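1. Sequence first, predicted coordinates after that:
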Amino acid sequence: MGIGENIIVNDFMFCAEHGNEYCHICCCDHRMCNNIRIEDELGDMTEFFEFEVEERHPINAYALGAVAALRTEKSFQCERHKKVDCPTCFDWVGIIKKEAEAASEDGRWLRGNKLLEEID
C-alpha cells in the first residue's frame with residue numbers, strides 16, 4: 001500500500017498506509033465524508049453536545065482491529081470476530097456518540113484512544 005491509497009471499512013474511508021481517518025503523512029482527512037455517511041444516524045448532535053462532530057478525534061481502523069480479509073484484499077474484517085465490516089467492532093455511530101458524550105463531560109473532544117478500550 002502506498003501513500004494516497006485508501007481503504008473502506010464498514011463504509012468509512014481511511015488511509016491505507018496508516019489506517020487513519022485523518023492522516024497528515026498521507027495528506028488526507030476523510031472525517032467530513034465519513035460524517036456525511038452517518039449523519040442521519042447521528043441526528044442533530046449539536047442539540048445535545050456543545051461540540052461539532054467535525055471537530056471530533058479521527059478514528060484509526062487498524063487500532064480497532066481492522067485487517068485485510070482473506071477472501072479479497074479490498075475487504076476488511078475485525079480481528080476479534082473475523083467478520084467483514086463487523087458492525088460491533090466498526091460501529092462508527094456508537095464510537096462517535098461515546099466520544100461526544102465523554103467530550104461533553106470533559107469539556108473537550110478526547111485526544112487518544114481511551115474509548116477504544118471500552119468497545120466490545
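-> Structure's in. What do you need?
2. For residue 98, give me the backbone phi and psi.
-> Phi and psi for residue 98, reported as degrees, to the nearest 10, are phi -60, psi -40.
3. now residue 29
-> Dihedral angles (degrees, to the nearest 10) for residue 29: phi -140, psi 100.
4. Could you check how far the closest residue in space to it that isn't next to it in sequence is from residue 86?
-> Closest residue to residue 29 apart from its sequence neighbours, by C-beta to C-beta, 6 or more residues apart in numbering: residue 22 at 4.5 Å. C-beta coordinates here come from the backbone N, C-alpha and C atoms, glycine included. Remark: distance between residue 22 and residue 86 (C-beta to C-beta, to the nearest Å) = 22 Å.
5. From the structure, what's the count of residues near the residue nearest to residue 29?
-> If you count neighbours by other C-beta atoms under 10 Å, residue 22 ends up with 18.
6. For the closest residue to residue 11 other than its chain neighbours, give its distance to residue 79.
-> The shortest distance from residue 11 to any non-neighbouring residue, by C-beta to C-beta, 6+ apart, is to residue 37 (5.5 Å). Distance, residue 37 to residue 79, using C-beta to C-beta: 23 Å.
7. Likewise for residue 23?
-> 21 Å.
8. and if you look at residue 41?
-> Distance from residue 41 to residue 79, by C-beta to C-beta: 25 Å.
9. before we move on, the earlier item: which SS class is the residue nearest to residue 11?
-> helix (DSSP: H, G, I helix; E, B strand; the rest coil).
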